[in-house]
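Peer 1: Here is a sequence with its predicted model. Questions after.
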There are 2 protein chains.
Amino acid sequence: MDFVKRVTTDGTPDLVPPGDRIAVFDNDGTLWPEQPNCIQFVFAFDRLKMLAHVNPDLRETEPFRTALEGGLDRLATLDADGIIEIIKVTQSGMSTEQFSGIVAEWLATAKEPRFGRVYTDLVYQPMLELLDYLGANEFKIFIISGNGTDFIRVFAEKTYRIPPERVVGSTTVAKFRVGTAGPMLMKMPEVEVSSDGPGKPEAIERFIGRRPIFAFGNSDGDKELLEWTAAGPGVRFVGLLHHTDAEREWAYDRTLKVGRLDKALELARAKDWTIVDMAADWNIVFPFQRDTAGT
Amino acid sequence: MDFVKRVTTDGTPDLVPPGDRIAVFDNDGTLWPEQPNCIQFVFAFDRLKMLAHVNPDLRETEPFRTALEGGLDRLATLDADGIIEIIKVTQSGMSTEQFSGIVAEWLATAKEPRFGRVYTDLVYQPMLELLDYLGANEFKIFIISGNGTDFIRVFAEKTYRIPPERVVGSTTVAKFRVGTAGPMLMKMPEVEVSSDGPGKPEAIERFIGRRPIFAFGNSDGDKELLEWTAAGPGVRFVGLLHHTDAEREWAYDRTLKVGRLDKALELARAKDWTIVDMAADWNIVFPFQRDTAGT
């Protein structure tokens, strides 16, 4: 709040005009959980199982066989090429509008096993409040994710109040086709990966064209995003969410493959960035805990 | 105005909520001239000449020799590979911020020979009024151009009130580097072309993620953009600027290599889209003509 007050107070040297108040957020692990599996992997796995009913050949072909037999945890350990094959099969070959419909239906029905809630119930309440607070102070808020742009776009506007044009991530390439029903955009089996790490400031340049004054992440994949934001002139806010709460959410940092937090944590401590300790700092984690917490 | 009234009037079936009022504009030939040469080519040529003073080897190497000896008109006739070589040499090897500074300096000083004005004086006055009108009616306005994103971004906010994150086009790839002065984004000699034609709706999907309800173009390169917009459900506005005014600007359509207008004009007539005849419909073309026109 001190930062926001400084950059929004007229007549001070720290004032940043509303148009330049760019705030960027990582999505997975920053706005909603990424444990025990990245949620988009859960979607891809559910869809792969469904496709295997229609097309049993998938059960005989790698890497689908390994994933179908080994389950979701096995899918998550595939190498990048394997993951990309899964994405191609589960998220292409249809129009962009059809894909959005499939995601919307899955999000409305699939339940996260530990909490027994649909996934959009598991966004972090304190982060929703932060998004609202920044929005009320005329920040332009973007998501910069390594995960799927058109997956996140389906729920971002309703859940975070972040419209589709402010969601940046990876995607299957959409190609313009004129079919019998008129022009359409067809999702092709070709993946454009918006990498973690240095790919995040690069994506900011491509999509936003301006350096953020505010950035929030949670893992080493966000390190360059945070560094790039911090290194600009003037007042900056750089935040890092540390998952320390095995009881209410998950506790993890240095030892994980997906969502590892190690170098970024060292850097945050060295640079005195804002580190949020979930267990210590958050009264509640998820919106559905509001009642029990008495807020 | 009839269209805008329909989509903005509460309580009618045609109402489109502000967040969904996406309007897209081509830039060259739609918001400012593209004759006798694309303005970014003029910039590239000026910069090539300057670089050749510093590095005379360029005079001995193709395609630079051809361009330097043949002049701007010869540069414009190079094939796509040749143009890309010119872009690589003139628009990479520096930070994104350095490049913006070079463009800003050129735009502030270079004069267009026919009118003796800086190029940003040559944006079309009626289009500026249209942009203001749409903005006042809570449209989100984007530029979808085949030309350089980071070239257009330098002047779009001041000239059109369109901020950097709403400018989509081609670019040299920016790579994240950590140098002695801290992190930077370095423009690499690698060109990402946002093609004309079908590339325009594809870029809309990538950057906006929603179909526009309003589109304005001026050439066959905008045909798919206009078709994609027109084919959506509900009320749509599709506009085409026809350059018919050799006296005040330029007159051209079917016979040109750059900026050809042929198939899109046929389609606009068949579909009853709005065709603007510059000579007949515009009281003035450029802002500096306001005084003489008595407006």
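Peer 2: Received, thanks.

Peer 1: Now for the residue lying closest to A:Pro126 once chain neighbours are set aside: which residues touch it?
Peer 2: Spatial nearest neighbour of A:Pro126, chain neighbours left out: A:Trp282 (5.2 Å); criterion: C-beta to C-beta, 6 or more residues apart in numbering or on different chains. All C-beta atoms are positioned from the backbone trio N, CA, C, and that covers glycine. A:Trp282 sits next to A:Tyr124, A:Gln125, A:Pro126, A:Asp245, A:Val276 when contact means C-beta atoms under 8 Å, 6 or more residues apart in numbering or on different chains.

Peer 1: Pull up the gap between A:Trp282 and chain B, please.
Peer 2: Distance, A:Trp282 to chain B, using C-beta to the nearest C-beta, to the nearest Å: 30 Å.

Peer 1: And A:Glu249, by the same measure?
Peer 2: Separation of A:Glu249 from chain B (C-beta to the nearest C-beta): 29 Å.

Peer 1: quick revisit: tell me how far the residue nearest to A:Pro126 lies from A:Tyr124.
Peer 2: Using C-beta to C-beta, to the nearest Å, A:Trp282 is found at 8 Å from A:Tyr124.

Peer 1: Repeat that for A:Ala230.
Peer 2: Distance of A:Ala230 to A:Tyr124, computed by C-beta to C-beta: 22 Å.

Peer 1: can you map out the strands along the stretch 1-150 of chain A?
Peer 2: Listed in chain order, the strands of the stretch 1-150 of chain A (DSSP state E, counting those that start in this stretch) span A:22-25, A:111-112, A:117-118, A:140-148.

Peer 1: Tell me which of those strands is the most buried.
Peer 2: Of the strands of the stretch 1-150 of chain A, the one with the most neighbours on average (mean count of other C-beta atoms under 10 Å in any protein chain shown) is strand A:22-25, at a mean of 26.

Peer 1: So in that sheet, which strands flank it, and in what orientation?
Peer 2: Here strand A:22-25 is paired, per DSSP bridges, with strand A:140-148 (parallel), strand A:214-217 (parallel).

Peer 1: can you pull the contacts of A:Arg236?
Peer 2: Contacts of A:Arg236 (C-beta under 8 Å, 6+ apart): A:Phe3, A:Ile213, A:Phe214, A:Thr229, A:Ala230.

Peer 1: So the second one sits against A:Val24, correct?
Peer 2: The one in question is A:Ile213. No: the criterion here is C-beta atoms under 8 Å, and A:Ile213 misses it with A:Val24 at 9.6 Å.

Peer 1: list residues touching both of the two?
Peer 2: Jointly contacting A:Ile213 and A:Val24 under the rule C-beta under 8 Å, 6+ apart are A:Thr229.

Peer 1: Now the buried members of the contacts of A:Trp282.
Peer 2: Neighbour counting by 16 or more other C-beta atoms under 10 Å in any protein chain shown classes A:Tyr124, A:Gln125, A:Pro126, A:Asp245, A:Val276 among the contacts of A:Trp282 as buried.

Peer 1: Inside helices: which ones of those?
Peer 2: A:Gln125, A:Pro126 (DSSP state H).

Peer 1: Closest one to A:Lys88 out of the buried ones among the contacts of A:Trp282, please.
Peer 2: Nearest to A:Lys88 out of the buried ones among the contacts of A:Trp282 is A:Tyr124 (C-beta to C-beta; 31.0 Å).

Peer 1: what kind of secondary structure is A:Ala174 in?
Peer 2: Per DSSP: H, G, I helix; E, B strand; the rest coil, the secondary structure class of A:Ala174 is strand.

Peer 1: need the contact list for A:Val7.
Peer 2: A:Asp14, A:Leu15, A:Val16, A:Arg21, A:Ile213, A:Gly234, A:Val235.

Peer 1: Could you report the neighbour count for the second one?
Peer 2: To tie it back to what came earlier, the one meant is A:Leu15. 14 (other C-beta atoms under 10 Å in any protein chain shown).

Peer 1: Name all residues that make contact with it.
Peer 2: With contacts defined as C-beta under 8 Å, 6+ apart, A:Leu15 is in contact with A:Val7, A:Thr8, A:Thr9.

Peer 1: so where's the stretch 151-295 of chain A uncertain?
Peer 2: Across the stretch 151-295 of chain A, the ranges flagged by pLDDT under 70 are A:291-295.

Peer 1: which residue ranges form the strands in it?
Peer 2: For the stretch 151-295 of chain A, the strands defined by DSSP E, counting those that start in this stretch occupy A:167-179, A:182-192, A:214-217, A:237-242, A:274-277.

Peer 1: Can you lay out the ones you listed as a markdown table showing distance to B:Leu240?
Peer 2: Below are the strands of the stretch 151-295 of chain A laid out as a markdown table (distance: least, C-beta to C-beta, whole Å):
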| stretch | distance to B:Leu240 |
| --- | --- |
| strand A:167-179 | 19 |
| strand A:182-192 | 17 |
| strand A:214-217 | 41 |
| strand A:237-242 | 45 |
| strand A:274-277 | 51 |
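
Peer 1: Could you look over the ones you listed and pick the most buried one?
Peer 2: strand A:214-217 (a mean of 27).

Peer 1: neighbouring contacts of it?
Peer 2: Contacts for strand A:214-217 (C-beta under 8 Å, 6+ apart): A:3, A:21-26, A:30, A:127, A:130, A:134, A:139, A:222-223, A:225-226, A:228-230, A:236-241, A:264.

Peer 1: how does it look with 6 Å?
Peer 2: Identification of contacts with strand A:214-217 by C-beta atoms under 6 Å, 6 or more residues apart in numbering or on different chains yields A:Ala23, A:Val24, A:Phe25, A:Asp26, A:Thr30, A:Leu225, A:Leu226, A:Thr229, A:Phe237, A:Val238, A:Gly239.

Peer 1: cool, stretch A:99-110 as well?
Peer 2: A:Phe43, A:Thr120, A:Phe151, A:Val154, A:Phe155, A:Lys187.

Peer 1: Count the neighbours of the third one for me.
Peer 2: By other C-beta under 10 Å, 26 other residues sit near A:Phe151.

Peer 1: got the contact list for the residue nearest to it when sequence neighbours are not counted?
Peer 2: Nearest residue to A:Phe151, sequence neighbours excluded (C-beta to C-beta, 6+ apart): A:Gln40, at 5.2 Å. By C-beta under 6 Å, 6+ apart, the residues touching A:Gln40 are A:Asn147, A:Gly148, A:Phe151.

Peer 1: Kindly provide the distance from A:Gln40 to chain B.
Peer 2: A:Gln40 is 16 Å from chain B, by C-beta to the nearest C-beta.

Peer 1: what's the distance between that residue and A:Gly179?
Peer 2: 28 Å.

Peer 1: likewise A:Val118?
Peer 2: 33 Å.

Peer 1: ok, and the closest non-adjacent residue to A:Gln35?
Peer 2: A:Trp250 (4.0 Å).

Peer 1: The one you found and A:Glu34 touch, don't they?
Peer 2: No: taking C-beta atoms under 6 Å as the definition, A:Trp250 is not a contact partner of A:Glu34, at 8.5 Å.

Peer 1: Between those two, point out the one with more neighbours.
Peer 2: Comparing A:Trp250 with A:Glu34 by other C-beta under 10 Å, the one with more neighbours is A:Glu34, at 24 against 18.

Peer 1: What's the separation between the spatially closest residue to that one that is not a sequence neighbour and A:Arg177?
Peer 2: Nearest in space to A:Glu34, with sequence neighbours left out and distances taken as C-beta to C-beta, 6+ apart, is A:Asp28 at 4.0 Å. Separation of A:Asp28 from A:Arg177 (C-beta to C-beta): 31 Å.

Peer 1: All good on my end, thank you.
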